[in-house]
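K.L.:
Show me how the following folds:
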Amino acid sequence: MPTIKLAKAVISNLPEKYQLSGYHVESLAVRAFKDYKGEKTTTAMLPYFFEQAKDLVLHPIRDRSGQSRHVDEYLGADDSSVRQEISHLFSGITKRMRTASAAQSQAQWNELFYTE
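P.N.:
Numbering: from 1, shown residues only. Sure thing, here's the model as predicted:
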């Protein structure tokens, strides 16, 4: 659960056009961590989430609650331009997280969560 909250915090710092709904982020997390066998730490799981989400976001996710057809209808069809842009942003976020971890840089991690 902390990983999902942190993912939402990172996404909330993206331009409004690319901010996913909380329900969409949760749906992505369910899919991303379905077969996860890695470390159960935030520093391992958060980059893993974005690594998986960069591919998952390219395709609509069926809404199991029945409230709508897809949880992410607002992003358009498969491989829409906005889906591709978000995928690219998520790839960059993953790289920044891995770099921050490798450098053991709290400042680099903080940059992902705080914008001016």
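K.L.:
Now do the SS call for the residue lying closest to Trp109 once chain neighbours are set aside.
P.N.:
In this structure, Trp109 finds its nearest non-sequential neighbour in Ala100, 4.6 Å apart by C-beta to C-beta, 6 or more residues apart in numbering. In this view, the C-beta of every residue, glycine as well, is placed from N, C-alpha and C. The local conformation at Ala100, judged by DSSP: H, G, I helix; E, B strand; the rest coil, is helix.
K.L.:
Quickly find the element holding the spatially most central residue of the chain.
P.N.:
Centroid-nearest residue in the chain, with C-alpha atoms, centre = their mean: Phe50, separated by 4.4 Å. Using DSSP states H and E, the element containing Phe50 is helix 42-56.
K.L.:
just checking, what packs against that helix?
P.N.:
Helices and strands touching helix 42-56, by 3 or more C-beta pairs under 8 Å, 6 or more residues apart in numbering; DSSP states H and E, are helix 2-12, helix 22-32, helix 81-103.
K.L.:
and of these, who's closest to Thr42?
P.N.:
The closest of the helices and strands packed on helix 42-56 to Thr42 is helix 2-12. By C-beta to C-beta, the value is 5.6 Å.
K.L.:
in the closest one, what counts as buried?
P.N.:
Buried residues in helix 2-12, defined by neighbour count with 16 or more other C-beta atoms under 10 Å: Thr3, Ile4, Leu6, Ala7, Lys8, Val10, Ile11.
K.L.:
Could you count how many residues lie near the closest residue to Pro60 other than its chain neighbours?
P.N.:
Excluding its sequence neighbours, the residue lying closest to Pro60 (C-beta to C-beta, 6+ apart) is His70, at 4.0 Å. The tally of other residues near His70 (other C-beta atoms under 10 Å) stands at 15.
K.L.:
and His70, how far is that from Lys54?
P.N.:
Counting by C-beta to C-beta, to the nearest Å, the gap from His70 to Lys54 is 18 Å.
K.L.:
now swap in Ser87 and tell me
P.N.:
5 Å.
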